[in-house]
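J.: mind folding the following:
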Amino acid sequence: MASALTGCKVAVLAVDGFEQAELIEPQRALREAGATVHVISSKAGKIQGFRHVDKGDSVDVDTTFDRAAPNDYDAVVLPGGVVNGDAIRLLPQAQAFVKAADQANKPIAVICHGTWLPVSAGIIKGRTVTSWPSLQDDIRNAGGTWVDKEVVEDGNFITSRKPDDLPAFNRTLIAQLSKKKAA
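T.: Predicted coordinates:
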């Protein structure tokens with residue numbers, strides 16, 4: 001498995017307030033599978049993670065939205081966290097990044113409150129997704145179908161509800177990337 005994703009580059013889009021496990025666990029799983037993973041944010045340096053409402057660890061930012069090109073990446077991961085999800089959805093550069101990845105049919109793996117960014121980017125319409133339950137009205141209002149499942153695949157979209165779903169989320173993302181790489 002350690003070389004399954006060698007040569008794949010994955011962008012993790014996040015700002016201060018991300019849910020720590022939802023960034024760290026996919027990052028670790030992808031790296032263990034051989035992928036290169038870059039954290040992309042609105043500012044250089046570090047961004048602050050949270051464990052629900054408690055301050056967690058900070059992570060290093062590899063590059064910023066103004067320096068990152070969606071075409072350089074094979075997939076995008078959008079971790080949740082209420083503060084992160086609410087803030088990143090307002091950033092035009094983050095919206096443009098996920099729109100470009102979607103138009104290129106690259107895997108977009110979204111968990112929990114991370115779904116707010118695709119909603120605001122206008123790329124949820126016609127898709128079946130899951131998220132933290134409080135986002136279901138936003139998803140429906142954006143033209144999507146919300147379901148309460150551990151992991152949902154709809155085309156290039158992979159979505160999960162919460163940190164407890166991370167094992168299935170990570171397996172599904174790695175499997176989708178492996179299929180794309182083999183094609």
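
J.: sec struct for D148, please.
T.: Here D148 is recorded as coil under DSSP: H, G, I helix; E, B strand; the rest coil.

J.: for the most centrally placed residue in the chain, give me its contacts.
T.: In the chain, the residue lying closest to the centroid (CA atoms, centre = their mean) is L78, at 1.8 Å. Counting by CB atoms under 8 Å, 6 or more residues apart in numbering, L78 touches 12-14, 88, 98, 108-111, 114-115, 117-118. (Each C-beta comes from the backbone N, C-alpha and C, glycine too.)

J.: from Q136, how far off is the nearest residue to it once chain neighbours are set aside?
T.: The spatial neighbour of L78 that comes closest, neighbours along the chain excluded (CB to CB, 6 or more residues apart in numbering), is G114 at 3.5 Å. With distances taken as CB to CB, to the nearest Å, G114 is found 14 Å from Q136.

J.: higher neighbour count, those two?
T.: Between G114 and Q136, counted using other CB atoms under 10 Å, the more crowded position is G114 (33 against 18).

J.: can you pull out the low-pLDDT segments for this protein?
T.: Along the chain, the parts satisfying pLDDT under 70 run over 1-2.

J.: can you pull out the helices in it?
T.: 20-32, 82-88, 92-103, 116-121, 136-141, 166-182 (DSSP state H).

J.: now do the last one against helix 20-32, angle only.
T.: Yep, that's helix 166-182 we're talking about. Comparing the axes of helix 166-182 and helix 20-32 via axes from the mean of the first three to the mean of the last three CA atoms, to 10 degrees yields an angle of 40 degrees.

J.: run the chain-centre distance for helix 166-182.
T.: Counting by CA atoms, centre = their mean, to the nearest Å, helix 166-182 is centred 13 Å from the centre of its parent chain.

J.: give me the nearest residue to Y73, chain neighbours excluded.
T.: Closest to Y73 by CB to CB, 6+ apart is A11, at 4.2 Å.

J.: measure the one you found to G144 for me?
T.: In terms of CB to CB, A11 sits 22 Å off from G144.

J.: equivalent analysis for V152, please.
T.: 11 Å.

J.: give me the common contacts of those two.
T.: With CB under 8 Å, 6+ apart as the test, V152 and G144 both reach 128-129.

J.: who has more neighbours, the two?
T.: G144 (25 against 22).

J.: count of neighbours near the residue nearest to that one when sequence neighbours are not counted?
T.: Counting by CB to CB, 6+ apart, I124 is the residue found nearest to G144 once chain neighbours are left out, at 3.9 Å. As a burial measure, I124 scores 29 neighbours (other CB under 10 Å).
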